[in-house]
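A.B. asks: Quick check, what structure comes out for this input:
(chains A, B, C and D)
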Number of protein chains: 2
Amino acid sequence: MSVTIYDLAREAGVGIGTVSRCLNNHPNVSAPTRARVLDAARRLSYQPHAHAKGLASQRTNTIAAIIPYFTNYFFQQVLQGIQDKAGESGFDLILYGVNHPEQVQHYLHRSLQRGRVDGVMFFSMRIPENYAEKFQQMRLPLVLVDGSHPDFDSIRVENRDGAFLAVRHLIRLGHRRVAMINASMDTLPARERYQGYVNALEEHGIALSPDRVFPSDARWQDGFTREAGREGMRRLLARRRAGDAITAALVASDIQAMGALEVAREAHVRIPEDIAVVGFDDIELAQYLQLTTMRQPMYEMGVLAMERLVARIRMPDMVPTLTTFVPELVVRGTCGAASPGGELLRSAATLSEQNLHRQHPANHAGVTS
Amino acid sequence: MSVTIYDLAREAGVGIGTVSRCLNNHPNVSAPTRARVLDAARRLSYQPHAHAKGLASQRTNTIAAIIPYFTNYFFQQVLQGIQDKAGESGFDLILYGVNHPEQVQHYLHRSLQRGRVDGVMFFSMRIPENYAEKFQQMRLPLVLVDGSHPDFDSIRVENRDGAFLAVRHLIRLGHRRVAMINASMDTLPARERYQGYVNALEEHGIALSPDRVFPSDARWQDGFTREAGREGMRRLLARRRAGDAITAALVASDIQAMGALEVAREAHVRIPEDIAVVGFDDIELAQYLQLTTMRQPMYEMGVLAMERLVARIRMPDMVPTLTTFVPELVVRGTCGAASPGGELLRSAATLSEQNLHRQHPANHAGVTS
DNA sequence: TTGAAAGCGCTAACAG
DNA sequence: CTGTTAGCGCTTTCAA
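C.D. replies: You can find the predicted model right below:
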């Protein structure tokens, strides 16, 4: 049926070993032999058999990415980065999209099947400790993105510092009654961003008022949705009508901010005059909305994650690496501090100027302030 | 190192053949033997080796999707459908994202490697005829989405009819000078939508004015971008200032419409009073923008494509199938025909009421009007 | 019902 | 430099 190296060997009048060597650019083949073999391969339009190669060489040239809600604007960008880099590096990318928490186990399990993939990228979720151990046992390379674990390469975003910078920005603009519209507190990013919000208030001697915090109880996309943002703003406005003169809000993601802005508009609440708003992510829409937000280098994170994974596949015994990105404040219209032109303008906030790429020994110690 | 069926065989005191039979639920094994083997498997936490299985059984349980610009809102939705269905069917999904035309060849080639995947889905692009032949030769299942070929299962969108309906809607609202902001004419959808636009004008005895057609020459995402939409509207407005009183426009995609609306707003051109706008796709944003648009069942297309592919993998000799979806007019605010509440309201246009799912013999004959 | 053995297509060591 | 050979881990006959 299909043409194998045996066919090529017969055709070129050599042994299969030689054929294999030619096909894999081994040095020890004479030029004429190589030419004959390669020619035969072309003539018979030979195609290597992926699984036979995989079985014999114990490498698959395939990696898996386990991503929650990859239709999220955030993950999309990250995924784009991964995909670009994967194509470049000659790796195939298996996409495992997680929409329900149970799927995580399943996909982790699958990834761990011997011979399926050479490495795994795991996104924005806590990896169950028993699986962490299995990855260690199987010595299967694993990179964590938007999450971290001392035993694996990790790429993190300083959600806490990001939220801190956002709220500090609002406070410096004169706001004292700053609310937060958050996503589901079941997620790490939401909790971390909340912490940053709390810290900022604290540092400025503003008492935390739990009534001004509006986490989402939506399950879909963990509350990182336009609808969750709408709901958050509805509750904020209700609170406001009840007498709490909230003047500013941090929203946990741009897509939520979009919904929030929408509801505000519908309620004839002016942004930023009545309520100043800062988002998180800097998705493409943010520019459209003139949304002040905390920029995350999503695409770059994807690329870096892929690079790390490839590096680890090649050198399994490197010491685990932790890279931390600090979100950057992008000032636009919705925070009330826009430049005259209203155009994109980046603040020079202290932390935001540098993207920290730090590598450090196995103890994985604090990069956070 | 890792545990194989030999280990299980030794452990359970049987031969490897029996182990294999147990693991694959073959009938001819006695209950006690099966129990012993399965127990051993559990105790040693046995994992099958994907590639060994693949090599021996000649099936991979993996499929590939070749998708251009998967960060597109349209493809995202489709991809979500595919991914959901793939997970359900137990197939792994290899994602081949195409950002440059050259990559198509490369990915097709890769997909054709024997033993890599059990089937391929190919999106929105013309498949080179020589590759079409190769798929036939290799008997590798192939499903075309948003494109078609007589020899393969195809899932199409009636772009032409969709655009036709959109423009007819505008004409019925009294517009005579209807423009079209299009994407790159290198793409099939753009050409088909243009054709629909032309047909609608024709049917109503309106002369086609080439000056009112604004295709994009952008390369990035084939012009299906916000920026391309901005550019299109800029040119439209220029034309308008030059004296052509255009009163309505069909835009080839919602994301372009978004940019177009933006530019209109900046230029203080009122939508829909000055220019009525209809988009194409019905992405989530369309609702936010109150954009009248042609809805495509993106998610459903993904699901269906996956179903088709699985069916074909199981029954390679079925006769090729063609399914056609007709986009549906969704009336919102930007066309000037909104209901009082301004809320989502679906028109009852003739064709739009039915989604045609037609299956027909190999001649693949016209579904189009 | 079960064990033994022959591949699946390729890589990599080992002789020559 | 090249041919031969022994696996890689599993499925699947074929006898027993």
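
A.B. asks: I'd like the next helix or strand past the host helix or strand of residue A:313.
C.D. replies: Under the criterion of DSSP states H and E, residue A:313 resides in helix A:298-314. Reading on from helix A:298-314 to the C-terminus, the next helix or strand found by DSSP H and E is strand A:322-325.

A.B. asks: Strand partners (parallel or antiparallel) of that next one?
C.D. replies: Strand partners for strand A:322-325, identified by DSSP bridges, are recorded as strand A:153-157 (parallel).

A.B. asks: Write out the residues of chain A neighbouring DNA strand C.
C.D. replies: Taking CB under 7 Å from any atom of the strand as the test, the list of chain A residues beside DNA strand C reads A:1-2, A:4-6, A:16-17, A:20, A:23-24, A:46-49, A:52-53, A:55-57. The C-beta positions use only the backbone N, C-alpha and C, and glycine is treated the same way.

A.B. asks: if you set the cut-off to 6 Å instead, what comes out?
C.D. replies: Proximity of chain A to DNA strand C is confined to A:2, A:4-5, A:16-17, A:20, A:23-24, A:48-49, A:52-53, A:55-57 under the rule CB under 6 Å from any atom of the strand.

A.B. asks: In the stretch 1-150 of chain A, what residue spans correspond to helices?
C.D. replies: Taking DSSP state H, counting those that start in this stretch as the criterion, the stretch 1-150 of chain A contains helices spanning A:5-12, A:16-23, A:31-43, A:50-57, A:73-89, A:101-112, A:129-138.

A.B. asks: Ranking those helices by mean neighbour count, which comes first?
C.D. replies: Scoring those by mean neighbour count under mean count of other CB atoms under 10 Å in any protein chain shown gives helix A:73-89 as the most buried, with a mean of 22.

A.B. asks: Give me the mean pLDDT for that one.
C.D. replies: Per-residue pLDDT values across helix A:73-89 average out to 92.

A.B. asks: Determine the set of other helices and strands touching it.
C.D. replies: strand A:62-68, strand A:92-98, strand A:119-123, helix A:298-314, strand B:92-98 (3 or more CB pairs under 8 Å, 6 or more residues apart in numbering or on different chains; DSSP states H and E).

A.B. asks: for those, which one sits closest to residue A:221?
C.D. replies: With distances scored as CB to CB, the stretch of the helices and strands packed on helix A:73-89 nearest to residue A:221 is strand A:62-68 (8.0 Å).

A.B. asks: Centre of the chain to the closest one, how far?
C.D. replies: With CA atoms, centre = their mean, to the nearest Å as the basis, strand A:62-68 stands 11 Å off its chain's centre.

A.B. asks: elements contacting it?
C.D. replies: Against strand A:62-68 (3+ CB pairs under 8 Å, 6+ apart) you get helix A:73-89, strand A:92-98, helix A:101-112, strand A:119-123, helix A:298-314.

A.B. asks: quick one, that strand and helix B:50-57 angle?
C.D. replies: Angle of strand A:62-68 versus helix B:50-57, following axes from the mean of the first three to the mean of the last three CA atoms, to 10 degrees, is 120 degrees.

A.B. asks: got a list of contacts for strand A:62-68?
C.D. replies: Surrounding strand A:62-68, the residues in contact under the criterion CB atoms under 8 Å, 6 or more residues apart in numbering or on different chains are A:75, A:78-79, A:82, A:86, A:91-99, A:104, A:107-108, A:110-111, A:116-125, A:222, A:306, A:309, A:313, B:94.

A.B. asks: ok, which stretches of the stretch 251-369 of chain A are strands?
C.D. replies: A:276-281, A:292-295, A:322-325, A:328-331, A:345-346 (DSSP state E, counting those that start in this stretch).

A.B. asks: weakest of the ones you listed by average pLDDT?
C.D. replies: Across the strands of the stretch 251-369 of chain A, the stretch with the lowest average pLDDT is strand A:345-346; it has a mean of 39.

A.B. asks: separation between the closest residue to DNA strand D within chain A and residue A:279?
C.D. replies: Chain A approaches DNA strand D most closely through residue A:17 (2.5 Å), counting by CB to the nearest atom of the strand. Distance, residue A:17 to residue A:279, using CB to CB, to the nearest Å: 61 Å.

A.B. asks: before we move on, what about residue A:6?
C.D. replies: Distance from residue A:6 to residue A:279, counting by CB to CB: 61 Å.

A.B. asks: doesn't residue A:179 fall inside a helix?
C.D. replies: No - if the criterion is DSSP: H, G, I helix; E, B strand; the rest coil, then residue A:179 is strand and not within a helix.

A.B. asks: What residues are bridge-paired with it?
C.D. replies: Under the criterion DSSP bridges, residue A:179 forms beta bridges with residue A:249.

A.B. asks: So what's the residue count around it?
C.D. replies: Close neighbours of residue A:179, defined as other CB atoms under 10 Å in any protein chain shown, add up to 28.

A.B. asks: For it, which residues are in contact?
C.D. replies: Residue A:179 touches A:212, A:213, A:214, A:236, A:239, A:246, A:248, A:249, A:250, counting by CB under 8 Å, 6+ apart.

A.B. asks: list the contacts for the fifth one?
C.D. replies: Taking CB under 8 Å, 6+ apart as the criterion, residue A:239 is in contact with A:179, A:211, A:212, A:246.

A.B. asks: For ChimeraX, what selects the buried ones among the residues you listed?
C.D. replies: To isolate in ChimeraX the members of the contacts of residue A:239 that are buried, counting by 16 or more other CB atoms under 10 Å in any protein chain shown, one can use:
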select /A:179,212,246
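
A.B. asks: Among the contacts of residue A:239, which one sits closest to chain B?
C.D. replies: The shortest distance between chain B and any of those, using CB to the nearest CB, involves residue A:179 and amounts to 22.3 Å.

A.B. asks: quick one on the thing from earlier: what distance do you get for the residue of chain A closest to DNA strand D to residue A:222?
C.D. replies: 54 Å.

A.B. asks: now do residue A:168
C.D. replies: Counting by CB to CB, the gap between residue A:168 and residue A:222 amounts to 26 Å.

A.B. asks: residues touching the closest residue to residue A:81 other than its chain neighbours, list them.
C.D. replies: Take residue A:81 and drop its neighbours on the chain: the residue closest to it by CB to CB, 6 or more residues apart in numbering or on different chains is residue A:302, 2.3 Å away. Neighbour list for residue A:302: A:77, A:78, A:79, A:80, A:81, A:82, A:83, A:84, A:85, A:145 [criterion: CB under 8 Å, 6+ apart].
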